[in-house]
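Trainee: Curious how this folds, go ahead:
(one chain, ligands or ions: 1)
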Amino acid sequence: MKPQPQNLPPTVPTDWIGGHFRSFRKAPTEFLTKMSKFGDVSTFRIGKIPVFLVNHPDLIRDLLVTNHSKFIKGRALQRAKTLLGEGLLTSEKEFHLRQRRMIQPVFHRQRIAEYAKTMIEFGEKMSNEWQNGDERDIDKEMMSLTLWIVGKTLFSANVEDDTDEIGQAMTTIVSAFNFLLLPFSEYLEKLPLPPLKKLRNARNKLDEVIYGIIDERRRSGEEKGDLLSMLLMAQDEETGGAMTDKQVRDECLTLFLAGHETTANALTWTFYLLSQNAEAERKFHQELDEVLGDKQITPEDFPRLKFTEQILAESMRLFPPAWTVGRLATEEHEFNGFKIPPKSLVLASQYVMHRDARFWENAESFQPERWEKLSAKEAGNKFIYFPFSKGVRNCVGENFAWMEGVLLLAILGRKWKLNLAPEQKIVLQPMITLRSKHGMKMKVEKR
Ligand code: HEM
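Mentor: Numbers count the residues shown, from 1 in each chain. Down below sits the predicted model:
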(Lines give C-alpha, C1' and ligand atoms only; values in the text may rest on other atoms or scores of the structure.)
Protein backbone atom coordinates (compact mmCIF):
# COMPACT_ATOMS: atom_id res chain seq x y z
CA MET A 1 0.00 0.00 0.00
CA LYS A 2 1.33 3.46 -0.90
CA PRO A 3 2.15 5.34 2.30
CA GLN A 4 0.07 8.41 3.05
CA PRO A 5 1.97 11.74 2.92
CA GLN A 6 1.41 12.47 6.60
CA ASN A 7 3.00 9.14 7.60
CA LEU A 8 6.55 9.19 8.92
CA PRO A 9 9.04 6.81 7.32
CA PRO A 10 10.33 3.92 9.47
CA THR A 11 12.69 4.68 12.33
CA VAL A 12 14.24 3.09 15.45
CA PRO A 13 13.83 4.11 19.12
CA THR A 14 15.84 7.21 20.05
CA ASP A 15 18.78 7.27 22.47
CA TRP A 16 18.22 8.69 25.94
CA ILE A 17 19.12 12.19 24.87
CA GLY A 18 19.85 13.96 21.58
CA GLY A 19 17.53 11.89 19.39
CA HIS A 20 19.72 9.31 17.58
CA PHE A 21 22.82 11.47 17.76
CA ARG A 22 24.90 9.12 19.95
CA SER A 23 24.13 6.00 17.90
CA PHE A 24 24.81 7.85 14.69
CA ARG A 25 28.05 9.41 15.90
CA LYS A 26 29.40 6.15 17.36
CA ALA A 27 29.33 4.31 14.02
CA PRO A 28 27.71 6.41 11.28
CA THR A 29 28.15 4.01 8.38
CA GLU A 30 26.74 1.09 10.39
CA PHE A 31 23.87 3.20 11.62
CA LEU A 32 22.94 4.34 8.11
CA THR A 33 23.24 0.78 6.77
CA LYS A 34 20.86 -0.37 9.48
CA MET A 35 18.39 2.43 8.68
CA SER A 36 18.48 1.58 4.97
CA LYS A 37 17.16 -1.92 5.71
CA PHE A 38 13.84 -0.42 6.80
CA GLY A 39 13.01 0.99 3.36
CA ASP A 40 14.05 3.42 0.63
CA VAL A 41 13.19 6.32 2.93
CA SER A 42 13.87 6.14 6.67
CA THR A 43 14.13 8.79 9.35
CA PHE A 44 15.93 9.62 12.58
CA ARG A 45 16.82 12.68 14.63
CA ILE A 46 20.09 14.40 15.40
CA GLY A 47 19.22 16.56 18.37
CA LYS A 48 16.07 18.30 17.21
CA ILE A 49 16.87 18.09 13.51
CA PRO A 50 14.75 15.57 11.55
CA VAL A 51 16.98 13.54 9.25
CA PHE A 52 15.82 11.46 6.28
CA LEU A 53 17.96 8.84 4.57
CA VAL A 54 17.01 8.22 0.93
CA ASN A 55 18.39 4.98 -0.42
CA HIS A 56 17.09 4.31 -3.90
CA PRO A 57 18.73 5.47 -7.17
CA ASP A 58 15.53 7.31 -8.25
CA LEU A 59 15.36 9.19 -4.97
CA ILE A 60 19.06 10.05 -5.06
CA ARG A 61 18.58 11.45 -8.59
CA ASP A 62 15.58 13.41 -7.32
CA LEU A 63 17.62 14.91 -4.47
CA LEU A 64 20.82 15.73 -6.33
CA VAL A 65 19.53 16.54 -9.82
CA THR A 66 15.78 16.87 -10.47
CA ASN A 67 14.84 18.86 -7.38
CA HIS A 68 18.24 20.11 -6.27
CA SER A 69 17.00 23.72 -6.13
CA LYS A 70 14.81 22.88 -3.12
CA PHE A 71 17.92 22.05 -1.10
CA ILE A 72 21.13 23.66 0.13
CA LYS A 73 24.23 22.04 1.61
CA GLY A 74 23.68 20.06 4.80
CA ARG A 75 24.65 20.99 8.30
CA ALA A 76 28.22 19.63 8.08
CA LEU A 77 29.09 21.99 5.25
CA GLN A 78 27.08 24.87 6.70
CA ARG A 79 29.17 24.49 9.83
CA ALA A 80 32.33 24.16 7.74
CA LYS A 81 31.93 27.80 6.78
CA THR A 82 33.62 28.57 10.10
CA LEU A 83 36.77 27.18 8.52
CA LEU A 84 36.31 27.42 4.78
CA GLY A 85 34.34 30.67 4.51
CA GLU A 86 32.45 31.02 1.24
CA GLY A 87 34.50 28.68 -0.95
CA LEU A 88 33.15 26.47 -3.74
CA LEU A 89 32.28 23.63 -1.37
CA THR A 90 30.23 25.72 1.07
CA SER A 91 28.78 28.65 -0.90
CA GLU A 92 25.27 28.60 -2.40
CA LYS A 93 23.14 29.62 -5.38
CA GLU A 94 24.29 32.56 -7.60
CA PHE A 95 27.50 33.18 -5.70
CA HIS A 96 28.42 29.51 -6.01
CA LEU A 97 27.56 29.46 -9.73
CA ARG A 98 29.75 32.48 -10.41
CA GLN A 99 32.70 31.03 -8.52
CA ARG A 100 32.21 27.65 -10.18
CA ARG A 101 32.24 29.20 -13.67
CA MET A 102 35.48 30.94 -12.82
CA ILE A 103 37.19 27.91 -11.34
CA GLN A 104 36.00 25.22 -13.76
CA PRO A 105 38.52 26.08 -16.54
CA VAL A 106 41.34 25.19 -14.17
CA PHE A 107 40.16 21.59 -14.38
CA HIS A 108 39.86 21.22 -18.16
CA ARG A 109 41.33 18.00 -19.54
CA GLN A 110 44.18 19.80 -21.27
CA ARG A 111 45.30 21.43 -18.06
CA ILE A 112 45.02 18.18 -16.16
CA ALA A 113 47.47 16.60 -18.59
CA GLU A 114 49.88 19.39 -17.57
CA TYR A 115 49.24 18.73 -13.87
CA ALA A 116 49.94 15.05 -14.50
CA LYS A 117 53.62 15.90 -14.89
CA THR A 118 53.66 17.22 -11.34
CA MET A 119 51.78 14.15 -10.11
CA ILE A 120 54.47 11.97 -11.69
CA GLU A 121 57.33 14.07 -10.32
CA PHE A 122 56.07 13.89 -6.73
CA GLY A 123 54.98 10.25 -7.01
CA GLU A 124 58.51 9.33 -8.07
CA LYS A 125 60.02 11.46 -5.34
CA MET A 126 58.10 9.47 -2.74
CA SER A 127 58.79 6.14 -4.41
CA ASN A 128 62.53 6.94 -4.36
CA GLU A 129 62.44 7.82 -0.67
CA TRP A 130 61.01 4.43 0.32
CA GLN A 131 63.46 1.69 1.28
CA ASN A 132 62.95 -2.05 1.11
CA GLY A 133 61.64 -3.29 4.50
CA ASP A 134 60.38 0.13 5.68
CA GLU A 135 57.20 0.17 7.72
CA ARG A 136 55.23 3.26 6.76
CA ASP A 137 51.89 4.70 7.69
CA ILE A 138 50.45 4.79 4.18
CA ASP A 139 47.59 7.02 5.33
CA LYS A 140 50.11 9.71 6.32
CA GLU A 141 52.29 9.16 3.28
CA MET A 142 49.37 9.55 0.86
CA MET A 143 48.18 12.63 2.72
CA SER A 144 51.60 14.31 2.28
CA LEU A 145 51.90 13.22 -1.33
CA THR A 146 48.51 14.58 -2.41
CA LEU A 147 49.07 17.76 -0.41
CA TRP A 148 52.37 18.44 -2.21
CA ILE A 149 50.61 17.83 -5.52
CA VAL A 150 47.64 20.09 -4.92
CA GLY A 151 49.94 22.81 -3.57
CA LYS A 152 52.18 22.69 -6.58
CA THR A 153 49.60 22.27 -9.34
CA LEU A 154 47.11 24.83 -8.12
CA PHE A 155 49.27 27.38 -6.36
CA SER A 156 52.80 26.64 -7.60
CA ALA A 157 53.61 26.53 -3.88
CA ASN A 158 56.37 24.50 -2.33
CA VAL A 159 54.40 22.97 0.48
CA GLU A 160 56.86 20.08 0.82
CA ASP A 161 58.90 22.10 3.28
CA ASP A 162 55.85 22.94 5.35
CA THR A 163 54.01 19.67 4.88
CA ASP A 164 54.26 18.44 8.43
CA GLU A 165 52.93 21.65 9.86
CA ILE A 166 50.23 22.01 7.21
CA GLY A 167 49.36 18.32 7.47
CA GLN A 168 48.94 18.60 11.23
CA ALA A 169 46.85 21.72 10.89
CA MET A 170 44.65 19.98 8.29
CA THR A 171 44.25 16.90 10.52
CA THR A 172 43.21 19.09 13.45
CA ILE A 173 40.70 20.87 11.28
CA VAL A 174 39.30 17.62 9.92
CA SER A 175 38.97 16.16 13.45
CA ALA A 176 37.21 19.34 14.52
CA PHE A 177 34.34 18.37 12.28
CA ASN A 178 33.13 15.88 14.83
CA PHE A 179 32.89 18.76 17.22
CA LEU A 180 31.25 21.09 14.73
CA LEU A 181 28.47 18.56 14.27
CA LEU A 182 27.57 18.42 17.97
CA PRO A 183 24.18 19.87 18.79
CA PHE A 184 24.73 23.42 20.12
CA SER A 185 28.28 23.59 18.69
CA GLU A 186 27.41 27.07 17.39
CA TYR A 187 27.31 28.22 21.02
CA LEU A 188 30.08 25.97 22.39
CA GLU A 189 32.41 27.33 19.75
CA LYS A 190 32.55 30.67 21.54
CA LEU A 191 33.79 29.12 24.82
CA PRO A 192 37.50 28.96 25.73
CA LEU A 193 37.70 25.13 25.53
CA PRO A 194 41.17 23.58 24.92
CA PRO A 195 40.19 21.59 21.78
CA LEU A 196 38.84 24.80 20.29
CA LYS A 197 42.06 26.61 21.00
CA LYS A 198 43.83 23.90 19.03
CA LEU A 199 41.35 24.36 16.20
CA ARG A 200 41.81 28.12 16.14
CA ASN A 201 45.60 27.70 16.13
CA ALA A 202 45.35 25.26 13.23
CA ARG A 203 43.16 27.66 11.28
CA ASN A 204 45.59 30.52 11.98
CA LYS A 205 48.49 28.40 10.79
CA LEU A 206 46.75 27.60 7.51
CA ASP A 207 45.71 31.22 7.04
CA GLU A 208 49.29 32.28 7.59
CA VAL A 209 50.53 29.94 4.84
CA ILE A 210 47.75 30.84 2.40
CA TYR A 211 47.77 34.61 2.93
CA GLY A 212 51.56 34.36 2.61
CA ILE A 213 51.22 32.73 -0.82
CA ILE A 214 48.59 35.29 -1.95
CA ASP A 215 50.67 38.19 -0.71
CA GLU A 216 53.82 37.01 -2.43
CA ARG A 217 51.98 36.58 -5.72
CA ARG A 218 50.28 39.97 -5.56
CA ARG A 219 53.63 41.62 -4.88
CA SER A 220 55.56 39.82 -7.61
CA GLY A 221 52.67 40.26 -10.09
CA GLU A 222 53.90 37.04 -11.73
CA GLU A 223 51.42 35.18 -13.99
CA LYS A 224 52.06 31.48 -13.43
CA GLY A 225 48.98 30.15 -15.21
CA ASP A 226 47.84 28.28 -12.11
CA LEU A 227 44.61 28.57 -10.15
CA LEU A 228 45.95 31.31 -7.94
CA SER A 229 46.83 33.50 -10.91
CA MET A 230 43.35 32.92 -12.33
CA LEU A 231 41.66 33.81 -9.05
CA LEU A 232 43.70 36.96 -8.68
CA MET A 233 42.93 38.09 -12.23
CA ALA A 234 39.25 37.13 -12.17
CA GLN A 235 36.76 39.98 -12.31
CA ASP A 236 33.15 40.11 -11.26
CA GLU A 237 30.99 40.25 -14.42
CA GLU A 238 28.64 42.82 -12.91
CA THR A 239 30.83 45.09 -10.83
CA GLY A 240 34.15 44.55 -12.60
CA GLY A 241 35.73 44.25 -9.14
CA ALA A 242 38.43 41.73 -8.30
CA MET A 243 38.18 39.13 -5.54
CA THR A 244 39.18 40.25 -2.10
CA ASP A 245 42.05 38.46 -0.36
CA LYS A 246 39.45 36.81 1.85
CA GLN A 247 37.58 35.35 -1.16
CA VAL A 248 40.81 34.11 -2.69
CA ARG A 249 41.77 32.63 0.67
CA ASP A 250 38.43 30.80 0.96
CA GLU A 251 38.80 29.20 -2.49
CA CYS A 252 42.44 28.28 -1.85
CA LEU A 253 41.70 26.65 1.50
CA THR A 254 38.71 24.81 0.00
CA LEU A 255 40.81 23.39 -2.82
CA PHE A 256 43.67 22.52 -0.48
CA LEU A 257 41.24 20.55 1.68
CA ALA A 258 38.91 19.10 -0.97
CA GLY A 259 41.81 18.36 -3.28
CA HIS A 260 44.04 16.22 -1.09
CA GLU A 261 42.27 14.44 1.76
CA THR A 262 39.81 12.63 -0.53
CA THR A 263 42.35 11.35 -3.04
CA ALA A 264 44.75 10.34 -0.26
CA ASN A 265 41.96 8.40 1.32
CA ALA A 266 41.11 6.57 -1.90
CA LEU A 267 44.77 5.61 -2.37
CA THR A 268 45.15 4.33 1.20
CA TRP A 269 42.09 2.10 0.94
CA THR A 270 43.21 0.87 -2.47
CA PHE A 271 46.60 -0.25 -1.16
CA TYR A 272 44.84 -1.90 1.76
CA LEU A 273 42.41 -3.76 -0.53
CA LEU A 274 45.24 -4.89 -2.82
CA SER A 275 47.14 -6.26 0.18
CA GLN A 276 44.08 -8.38 1.04
CA ASN A 277 43.38 -9.65 -2.50
CA ALA A 278 46.35 -11.51 -3.90
CA GLU A 279 44.87 -12.27 -7.34
CA ALA A 280 43.87 -8.63 -7.99
CA GLU A 281 47.31 -7.52 -6.80
CA ARG A 282 48.99 -9.98 -9.18
CA LYS A 283 46.93 -8.69 -12.13
CA PHE A 284 47.70 -5.11 -11.12
CA HIS A 285 51.45 -5.76 -11.13
CA GLN A 286 51.16 -7.62 -14.42
CA GLU A 287 49.42 -4.65 -16.06
CA LEU A 288 52.08 -2.26 -14.78
CA ASP A 289 54.88 -4.48 -16.15
CA GLU A 290 53.15 -4.83 -19.52
CA VAL A 291 52.14 -1.19 -20.01
CA LEU A 292 55.14 0.51 -18.45
CA GLY A 293 57.99 -2.02 -18.68
CA ASP A 294 61.18 -0.11 -17.85
CA LYS A 295 60.21 3.12 -19.54
CA GLN A 296 59.55 6.47 -17.91
CA ILE A 297 55.84 6.81 -17.06
CA THR A 298 54.07 9.69 -18.88
CA PRO A 299 50.57 11.23 -18.71
CA GLU A 300 49.76 9.36 -21.95
CA ASP A 301 49.95 6.06 -20.02
CA PHE A 302 46.81 6.98 -18.07
CA PRO A 303 44.22 5.64 -20.56
CA ARG A 304 46.23 2.44 -21.02
CA LEU A 305 46.16 1.55 -17.32
CA LYS A 306 42.68 0.04 -17.57
CA PHE A 307 42.85 -2.50 -14.76
CA THR A 308 44.44 0.05 -12.42
CA GLU A 309 41.50 2.35 -13.09
CA GLN A 310 39.07 -0.50 -12.38
CA ILE A 311 40.84 -1.16 -9.09
CA LEU A 312 40.40 2.48 -8.12
CA ALA A 313 36.72 2.45 -9.12
CA GLU A 314 36.14 -0.69 -7.05
CA SER A 315 38.03 0.72 -4.09
CA MET A 316 35.85 3.88 -4.15
CA ARG A 317 32.77 1.66 -4.35
CA LEU A 318 33.63 -0.15 -1.12
CA PHE A 319 35.35 2.74 0.66
CA PRO A 320 33.98 5.94 -0.90
CA PRO A 321 36.12 8.80 0.49
CA ALA A 322 32.98 10.98 0.57
CA TRP A 323 30.74 8.47 2.32
CA THR A 324 27.56 10.55 2.44
CA VAL A 325 26.13 13.77 1.01
CA GLY A 326 23.78 15.88 3.09
CA ARG A 327 21.25 18.47 1.96
CA LEU A 328 19.02 20.79 3.94
CA ALA A 329 15.46 21.23 2.61
CA THR A 330 14.54 24.88 2.07
CA GLU A 331 10.95 23.97 1.22
CA GLU A 332 8.69 20.97 1.60
CA HIS A 333 9.35 17.99 -0.62
CA GLU A 334 7.98 14.47 -0.97
CA PHE A 335 10.05 11.30 -1.32
CA ASN A 336 7.98 8.18 -2.09
CA GLY A 337 4.91 9.84 -0.64
CA PHE A 338 6.64 10.83 2.61
CA LYS A 339 6.45 14.54 3.36
CA ILE A 340 9.81 16.12 4.18
CA PRO A 341 9.31 19.41 6.02
CA PRO A 342 11.55 22.44 5.41
CA LYS A 343 14.77 22.47 7.53
CA SER A 344 15.00 18.67 7.40
CA LEU A 345 18.35 17.15 6.63
CA VAL A 346 18.28 14.65 3.76
CA LEU A 347 21.14 12.18 3.40
CA ALA A 348 22.18 10.00 0.48
CA SER A 349 25.02 7.70 1.42
CA GLN A 350 27.56 6.48 -1.10
CA TYR A 351 28.76 3.93 1.45
CA VAL A 352 25.30 2.41 1.79
CA MET A 353 24.19 2.58 -1.88
CA HIS A 354 27.53 1.23 -3.19
CA ARG A 355 27.06 -1.89 -1.06
CA ASP A 356 23.34 -2.38 -1.68
CA ALA A 357 22.82 -6.02 -2.66
CA ARG A 358 19.75 -5.07 -4.75
CA PHE A 359 22.03 -3.34 -7.23
CA TRP A 360 25.43 -5.00 -6.76
CA GLU A 361 26.31 -8.67 -7.10
CA ASN A 362 28.60 -9.88 -4.31
CA ALA A 363 28.29 -6.38 -3.00
CA GLU A 364 30.74 -6.81 -0.13
CA SER A 365 33.59 -8.33 -2.08
CA PHE A 366 36.42 -6.59 -3.91
CA GLN A 367 36.05 -7.49 -7.60
CA PRO A 368 37.70 -4.94 -9.91
CA GLU A 369 36.65 -7.08 -12.90
CA ARG A 370 33.02 -6.05 -12.39
CA TRP A 371 34.00 -2.74 -14.05
CA GLU A 372 34.68 -4.50 -17.36
CA LYS A 373 30.92 -4.89 -17.85
CA LEU A 374 29.85 -1.59 -16.38
CA SER A 375 31.91 1.61 -16.56
CA ALA A 376 32.01 4.05 -13.65
CA LYS A 377 30.17 6.52 -15.89
CA GLU A 378 27.35 4.04 -16.63
CA ALA A 379 26.98 3.15 -12.96
CA GLY A 380 26.89 6.90 -12.26
CA ASN A 381 24.12 7.44 -14.80
CA LYS A 382 22.11 4.76 -12.99
CA PHE A 383 22.70 6.58 -9.69
CA ILE A 384 23.99 3.42 -8.00
CA TYR A 385 27.56 4.81 -7.91
CA PHE A 386 28.33 8.44 -7.03
CA PRO A 387 31.70 8.81 -5.30
CA PHE A 388 32.00 12.34 -6.74
CA SER A 389 28.32 13.14 -6.14
CA LYS A 390 26.05 14.21 -9.01
CA GLY A 391 24.30 17.28 -10.37
CA VAL A 392 25.29 20.93 -10.08
CA ARG A 393 27.31 20.38 -6.90
CA ASN A 394 29.32 17.44 -8.19
CA CYS A 395 33.07 17.33 -7.69
CA VAL A 396 34.86 19.90 -9.82
CA GLY A 397 38.09 17.93 -9.38
CA GLU A 398 36.82 14.53 -10.59
CA ASN A 399 39.03 14.27 -13.69
CA PHE A 400 42.00 15.51 -11.69
CA ALA A 401 41.34 12.81 -9.08
CA TRP A 402 41.10 9.91 -11.58
CA MET A 403 44.34 10.97 -13.25
CA GLU A 404 46.12 11.44 -9.94
CA GLY A 405 44.81 8.21 -8.41
CA VAL A 406 45.74 6.00 -11.36
CA LEU A 407 49.17 7.55 -11.93
CA LEU A 408 50.19 7.38 -8.27
CA LEU A 409 49.02 3.77 -7.92
CA ALA A 410 51.05 2.90 -11.01
CA ILE A 411 54.21 4.76 -9.94
CA LEU A 412 54.26 3.24 -6.46
CA GLY A 413 52.97 -0.18 -7.54
CA ARG A 414 55.54 -0.70 -10.30
CA LYS A 415 58.33 -0.65 -7.74
CA TRP A 416 56.73 -1.65 -4.43
CA LYS A 417 54.40 -4.28 -3.00
CA LEU A 418 52.69 -3.07 0.16
CA ASN A 419 51.87 -5.60 2.90
CA LEU A 420 49.58 -4.76 5.79
CA ALA A 421 51.43 -4.73 9.15
CA PRO A 422 50.15 -7.70 11.21
CA GLU A 423 49.18 -5.54 14.19
CA GLN A 424 47.24 -3.02 12.08
CA LYS A 425 43.62 -2.78 13.23
CA ILE A 426 41.06 -1.70 10.65
CA VAL A 427 38.28 0.47 12.07
CA LEU A 428 36.36 2.96 9.97
CA GLN A 429 36.39 6.57 11.06
CA PRO A 430 33.88 8.46 8.95
CA MET A 431 34.67 12.13 9.40
CA ILE A 432 34.68 14.51 6.42
CA THR A 433 36.15 11.58 4.58
CA LEU A 434 36.11 7.88 5.36
CA ARG A 435 39.40 7.50 7.20
CA SER A 436 41.00 4.50 8.85
CA LYS A 437 40.87 5.22 12.58
CA HIS A 438 44.27 3.71 13.39
CA GLY A 439 46.09 4.78 10.23
CA MET A 440 47.40 2.19 7.77
CA LYS A 441 50.80 0.76 8.67
CA MET A 442 52.22 -1.24 5.79
CA LYS A 443 55.54 -2.93 5.06
CA VAL A 444 57.22 -1.80 1.90
CA GLU A 445 58.64 -4.71 -0.13
CA LYS A 446 60.68 -4.30 -3.31
CA ARG A 447 59.06 -6.07 -6.25
C1 HEM B 1 38.96 10.65 -4.91
C2 HEM B 1 38.94 11.97 -4.84
C3 HEM B 1 37.74 12.84 -4.63
C4 HEM B 1 36.47 12.51 -4.20
C5 HEM B 1 35.94 11.14 -3.81
C6 HEM B 1 35.70 13.74 -4.18
C7 HEM B 1 34.36 13.81 -3.84
C8 HEM B 1 33.59 14.97 -3.86
C9 HEM B 1 32.19 15.04 -3.55
C10 HEM B 1 31.31 13.85 -3.15
C11 HEM B 1 31.79 16.33 -3.67
C12 HEM B 1 30.39 16.89 -3.42
C13 HEM B 1 30.20 17.23 -1.98
C14 HEM B 1 28.76 17.63 -1.68
O15 HEM B 1 27.97 17.80 -2.57
O16 HEM B 1 28.43 17.81 -0.51
C17 HEM B 1 32.96 17.09 -4.06
C18 HEM B 1 32.98 18.43 -4.29
C19 HEM B 1 34.11 19.16 -4.56
N20 HEM B 1 35.39 18.65 -4.79
FE21 HEM B 1 35.92 16.72 -4.80
N22 HEM B 1 36.50 14.77 -4.57
C23 HEM B 1 37.75 14.27 -4.86
C24 HEM B 1 38.83 14.98 -5.33
C25 HEM B 1 38.88 16.33 -5.51
C26 HEM B 1 40.00 17.07 -6.02
C27 HEM B 1 41.32 16.44 -6.45
C28 HEM B 1 39.65 18.39 -5.99
C29 HEM B 1 40.44 19.60 -6.40
C30 HEM B 1 41.68 19.61 -6.76
C31 HEM B 1 38.29 18.47 -5.49
C32 HEM B 1 37.58 19.64 -5.30
C33 HEM B 1 36.23 19.70 -5.01
C34 HEM B 1 35.48 20.95 -4.90
C35 HEM B 1 36.03 22.35 -5.04
C36 HEM B 1 34.15 20.60 -4.65
C37 HEM B 1 32.95 21.55 -4.52
C38 HEM B 1 32.30 21.65 -5.88
C39 HEM B 1 31.07 22.52 -5.93
O40 HEM B 1 30.22 22.46 -5.05
O41 HEM B 1 30.95 23.27 -6.91
N42 HEM B 1 37.85 17.20 -5.22
N43 HEM B 1 34.04 16.23 -4.17
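
Trainee: For the closest residue to the ligand within the stretch 101-250 of the chain, which three-state class applies?
Mentor: Residue nearest to the ligand within the stretch 101-250 of the chain: residue 150 (5.6 Å; C-beta to the nearest ligand atom). Yep, even glycine has a C-beta here, placed from its N, CA and C like the rest. Secondary structure state of residue 150, per DSSP: H, G, I helix; E, B strand; the rest coil, is helix.

Trainee: Double-check it against residue 255; I have them as touching.
Mentor: Yes: counting by C-beta atoms under 8 Å, residue 255 is a contact partner of residue 150 at 6.7 Å.

Trainee: And for the residue in the stretch 301-447 of the chain that the ligand sits nearest to, the neighbour number?
Mentor: Closest to the ligand within the stretch 301-447 of the chain is residue 397: 2.3 Å, counting by C-beta to the nearest ligand atom. Residues within reach of residue 397, counting by other C-beta atoms under 10 Å, total 23.

Trainee: Relative to the ligand, how far out is residue 260?
Mentor: The gap separating residue 260 from the ligand is 7 Å, by C-beta to the nearest ligand atom, to the nearest Å.

Trainee: excluding its backbone neighbours, what's nearest that residue?
Mentor: Leaving aside its chain neighbours, residue 260 sits nearest to residue 146 (4.0 Å; criterion: C-beta to C-beta, 6 or more residues apart in numbering).

Trainee: Now do the helix or strand containing that neighbour, average pLDDT.
Mentor: If you go by DSSP states H and E, residue 146 is part of helix 138-155. When pLDDT is averaged along helix 138-155, the result is 90.

Trainee: Quick check: which ranges of the stretch 51-200 of the chain have low pLDDT?
Mentor: 157-167, 174-195 (pLDDT under 70).

Trainee: Tell me the residues on it that lie near the ligand, please.
Mentor: 73, 77, 88, 89, 100, 150 (C-beta under 6 Å from any ligand atom).

Trainee: one more time with 5 Å, if that's ok
Mentor: 88, 89, 100 (C-beta under 5 Å from any ligand atom).

Trainee: just checking, the last one is part of a helix?
Mentor: It refers to residue 100. Yes: assessed by three-state DSSP, residue 100 belongs to a helix.

Trainee: Which stretches in the protein count as strands?
Mentor: 41-46, 49-54, 71-73, 135-137, 325-329, 333-335, 338-340, 345-348, 416-420, 428-430, 434-436, 441-446 (DSSP state E).

Trainee: Quick check: closest non-adjacent residue to the spatially most central residue of the chain.
Mentor: Taking C-alpha atoms, centre = their mean, the centroid of the chain lies closest to residue 262, which sits 3.5 Å from it. Among residues not flanking residue 262 along the chain, residue 321 sits closest, at 4.2 Å (C-beta to C-beta, 6+ apart).

Trainee: ok, that neighbour - contacts?
Mentor: Applying C-beta atoms under 8 Å, 6 or more residues apart in numbering to residue 321 gives the contacts 261, 262, 263, 265, 266, 269, 387, 433, 434.

Trainee: distance of it from residue 287?
Mentor: 23 Å (C-beta to C-beta, to the nearest Å).

Trainee: what do you get for residue 228?
Mentor: Using C-beta to C-beta, residue 228 is found at 36 Å from residue 287.

Trainee: repeat for residue 254
Mentor: 35 Å.

Trainee: From the contact counts, what lies against the helix ranked longest in the chain?
Mentor: In the chain, with assignment by DSSP state H, the single longest helix is helix 194-220. Secondary-structure packing of helix 194-220 (3 or more C-beta pairs under 8 Å, 6 or more residues apart in numbering; DSSP states H and E): helix 163-180, helix 227-233, helix 245-258.

Trainee: was I right about residue 112 contacting residue 400?
Mentor: Yes: here residue 112 reaches residue 400: they are 5.5 Å apart, a contact under C-beta under 8 Å.

Trainee: For these two, work out which one has more neighbours and name it.
Mentor: Neighbours per residue, other C-beta under 10 Å: of residue 112 and residue 400, the larger number sits with residue 400, 24 against 21.

Trainee: Of the contacts of residue 321, just say which sits nearest to residue 123.
Mentor: Of all the contacts of residue 321, residue 123 sits closest to residue 263, with 11.9 Å by C-beta to C-beta.

Trainee: Now that closest one. Nearest residue, chain neighbours left out?
Mentor: Setting aside the residues directly before and after it, residue 263 is nearest to residue 146 in space (C-beta to C-beta, 6+ apart), at 4.8 Å.

Trainee: One more: residue 172?
Mentor: Residue 172's closest residue in space is residue 202 (C-beta to C-beta, 6+ apart), at 3.8 Å.

Trainee: And that neighbour, how far from residue 10?
Mentor: In terms of C-beta to C-beta, residue 202 sits 40 Å off from residue 10.

Trainee: So these two - more neighbours on which side?
Mentor: residue 202 (22 against 15).

Trainee: quick one: pLDDT of the more buried one?
Mentor: 80.

Trainee: what's the answer for residue 39, then?
Mentor: Note for residue 39: predicted pLDDT of 94.

Trainee: Which residues are in contact with the residue of the stretch 301-447 of the chain closest to the ligand?
Mentor: 107, 255, 258, 259.

Trainee: The nearest residue to the second one once chain neighbours are set aside and residue 18: what is the separation?
Mentor: In this case it means residue 255. Using C-beta to C-beta, 6+ apart and skipping residues adjacent in sequence, the residue nearest residue 255 is residue 154, 5.6 Å away. Noted for residue 154: a distance of 39 Å to residue 18, by C-beta to C-beta.
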